[in-house]
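A.B. asks: test case, fold it:
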Amino acid sequence: MSFCLWALDRAGGDAPFTDHSQLYNTIDSIPLGDVPWQSFNMTYCGEVPSENPPPWMQHQFDVWFRDPRLLILNQLANPDFKDNIDYSPKQVYNNFGRCEWSDFTTGDWSWKQAVFIFPHILFQLFLMFYDHRIY
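C.D. replies: Prediction:
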């Protein structure tokens, strides 16, 4: 169904994939895409109403994923991304002085993490290399 909607949205009218299997096979055929799929089951563990509980509260769901750490390592190892990855957070402002967000590195969380972590790293380095002997 979603591929049909995608096809309607595209100018040419053709979806890039005929179904989910073709999409997954295309993803799996990408070089450096050897991170295996993993899965686990989950169910709702909270309080369930005694009358007419929503169906999702009583079903078991399969969650499929790939190890995000290995995906990032593969992405960093891919030479196609060599000059196209921002490794550090940044703050971008438009002509009116308003902050613009366009990706993860321009977000507040990334910036706050870098601003928070950097002084602590410097302090740790200072402690590691400081000679405690006072002459």
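A.B. asks: for the rest of this, base every contact and every neighbour count on C-alpha atoms.
C.D. replies: Fine.
A.B. asks: below-threshold pLDDT in the chain: ranges please.
C.D. replies: 1-13, 31-33, 116-135 (pLDDT under 70).
A.B. asks: give me the most central residue, it.
C.D. replies: residue 68 (7.4 Å; Cα atoms, centre = their mean).
A.B. asks: for that one, grab phi and psi.
C.D. replies: With angles defined as degrees, to the nearest 10, residue 68 sits at phi -60, psi -30.
A.B. asks: I'd like to know how far it sits from residue 75.
C.D. replies: Relative to residue 75, residue 68 is positioned 10 Å away (Cα to Cα, to the nearest Å).
A.B. asks: could you do residue 67 as well?
C.D. replies: 12 Å.
A.B. asks: neighbour-wise, which of those two wins?
C.D. replies: Neighbour totals were compared for residue 67 and residue 75, and residue 75 leads with 16 against 11 (other Cα atoms under 10 Å).
A.B. asks: burial count for the closest residue to the more buried one other than its chain neighbours?
C.D. replies: Closest residue in space to residue 75, ignoring its immediate chain neighbours: residue 81 at 7.2 Å, by Cα to Cα, 6 or more residues apart in numbering. Residue 81 is flanked by 10 other residues according to other Cα under 10 Å.
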